[in-house]
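# Predicted model and sequence follow; I will ask about them next.
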Amino acid sequence: MKKLFAITILLVGFQTVSFAQKQKVTLEEDTIKVNGVSYAILDKSAGLGFDFKVKSLDGKDLFFLKFLDFNNPSRITSGNPKGRVTYFEATFFNDGKKCEVDATGGKKSVAKMIVENELILNNAVNEQAENTFVLINGMKFSEERNSMNNGNVIIIQR
């Protein structure tokens with residue numbers, strides 16, 4: 001009986017994992033869709049910036065992704081001659097929590113990140129997923145940027 005129970009638990013677990021892997025994230029205009037079902041709205045801010053406002057399907061503002069960057073000399077490579085570091089600062093409107101995430105890829109990558117982290121549930125911020133997201137990502141880019149400014153200062157007097 002215990003073996004049957006264990007096998008049942010494993011099968012349910014595999015089905016859950018395979019369901020999560022089968023999620024197809026698409027973008028139609030500004031609407032994020034998961035397996036063809038509308039999920040949320042990803043609204044690019046006006047202008048030349050790369051900021052995004054994430055909204056519920058009924059248009060309520062949920063969180064904001066502000067595009068930020070800086071140059072870090074320790075990240076200079078042949079493919080990145082200025083050592084440019086790009087990231088989003090995510091600010092959740094329901095409670096003001098913030099974190100920072102890589103800004104790689106375009107609008108579709110942002111949509112996938114939102115879905116993969118399950119940040120929206122029932123047309124609102126999924127607070128449990130938000131807490132995990134904030135905890136895991138933290139403010140690593142601000143910390144890196146600040147640590148560059150807190151190094152040794154050399155003063156040259158003439």
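Nice, thanks for sending it over. Numbering: from 1, shown residues only.
# packing partners for the longest strand along the chain?
Longest strand in the chain, counting residues (DSSP state E): strand 61-71. Here strand 61-71 touches strand 52-55, strand 84-92, strand 124-125, helix 140-149, going by 3 or more Cβ pairs under 8 Å, 6 or more residues apart in numbering; DSSP states H and E. C-beta coordinates here come from the backbone N, C-alpha and C atoms, glycine included.
# So for that strand, what gets flagged as buried?
For strand 61-71, the neighbour count (16 or more other Cβ atoms under 10 Å) marks L62, F63, F64, L65, K66, L68, F70 as buried.
# Now do I156, the pLDDT please.
Per-residue confidence (pLDDT) for I156: 62.
# Poorly predicted segments of this protein, please.
Scanning the chain with the threshold set as pLDDT under 70 gives 1-21, 46-48, 150-158.
# can you do 80?
The model of the chain has pLDDT under 80 over residues 1-22, 45-49, 149-158.
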